[in-house]
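**Q** Starting from these lines, generate the structure:
(one chain, ligands or ions: 1)
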Amino acid sequence: MIDVGIGVRQLSRLMTIMGVPSSSERTMKKRERELFKPMVDVARDSCHEAITKECSETRITTPGKGLVVKYDMCWQKRGSGRSYSSSSGVGTAIGQLTGKILDYDLRVTHCAICHSAEKAKRNAKPHNCQKNWSKSAKAMESSTGASLMENIEEVSGVPVDVLIMDDGPRTQLIRSAFLLEHK
Ligand SMILES: [Zn+2]
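**A** Next up is the predicted model:
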């Protein structure tokens, strides 16, 4: 549910179709929380392996040059040209030569546990809070893009020479954020 983007109801429906007995929402959420860290660890290891592979392919194909990386962000809620109000977005960087995911990151503006504690005017119980963003949904893309490129460079020790993105005003924002963080 964490990374597939579906909720408890959709998961129950999927399990019913597969003929697997479903569980209560509470149990599913509990299992989701248990699985979160191991899943993130596996994904991080996979990204590190992909970066190593992309670097060696780059050394063979274009000796002395930096990496060529493709980047895009998707939001949980569709945004129009004027309105971006999604509470979360995932940015993904893909290596041009291997086609593998080199890094990814999330920007999240809402946490149900923090929100209900705020509403009840009490302190939230200790939890793995994913809330890490307080600016607009639109601004998530440039911030995430810049931090991904920085992380790829840090892990690989190789500069990102070319950043491939869809065209539009956001491209310039990312370039600016990327350049700023590289000063
Ligand atoms: Zn929280």
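
**Q** Could you tell me which ranges of the chain sit under the pLDDT cut-off?
**A** 1-5, 78-84, 167-183 (pLDDT under 70).

**Q** which SS state does the residue most central in space within it fall under?
**A** Closest to where the C-alpha atoms of the chain average out (Cα atoms, centre = their mean) is residue 105, at 2.8 Å. Three-state call for residue 105 (DSSP: H, G, I helix; E, B strand; the rest coil): strand.

**Q** Let me see the ranges of the helices in this structure.
**A** 8-18, 25-61, 112-119, 140-156, 169-181 (DSSP state H).

**Q** buried residues in the second one?
**A** The neighbour-count check on helix 25-61 (16 or more other Cβ atoms under 10 Å) flags 28, 47, 50-51, 54-55, 57-58 as buried. Any C-beta I mention is one placed from the backbone N, CA and C, and that applies to glycine too.

**Q** of all those residues, which two lie farthest apart?
**A** Maximum pairwise distance among the buried residues of helix 25-61 (Cβ to Cβ): 41.8 Å, between 28 and 58.

**Q** re earlier: distance to residue 95 added to the buried residues of helix 25-61, as CSV?
**A** What follows is the buried residues of helix 25-61, written out as CSV (distance: Cβ to Cβ, whole Å):
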residue, distance to residue 95
28, 34
47, 10
50, 6
51, 8
54, 4
55, 9
57, 8
58, 8
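
**Q** where's the residue lying closest to residue 12 once chain neighbours are set aside relative to the ion, distance?
**A** Excluding its sequence neighbours, the residue lying closest to residue 12 (Cβ to Cβ, 6 or more residues apart in numbering) is residue 22, at 4.3 Å. Noted for residue 22: a distance of 27 Å to the ion, by Cβ to the ion, to the nearest Å.

**Q** Look up phi and psi at residue 22.
**A** phi -90, psi 170 (degrees, to the nearest 10).

**Q** Might you report the residue contacts of it?
**A** 11-12, 15-16 (Cβ atoms under 8 Å, 6 or more residues apart in numbering).

**Q** So in terms of bridging, what pairs with residue 75?
**A** residue 89 (DSSP bridges).

**Q** Quick check: it touching residue 137?
**A** Yes - using Cβ atoms under 8 Å, residue 75 is in contact with residue 137, at 6.2 Å.

**Q** For the two, indicate the residue with more neighbours.
**A** residue 137 (21 against 18; other Cβ atoms under 10 Å).
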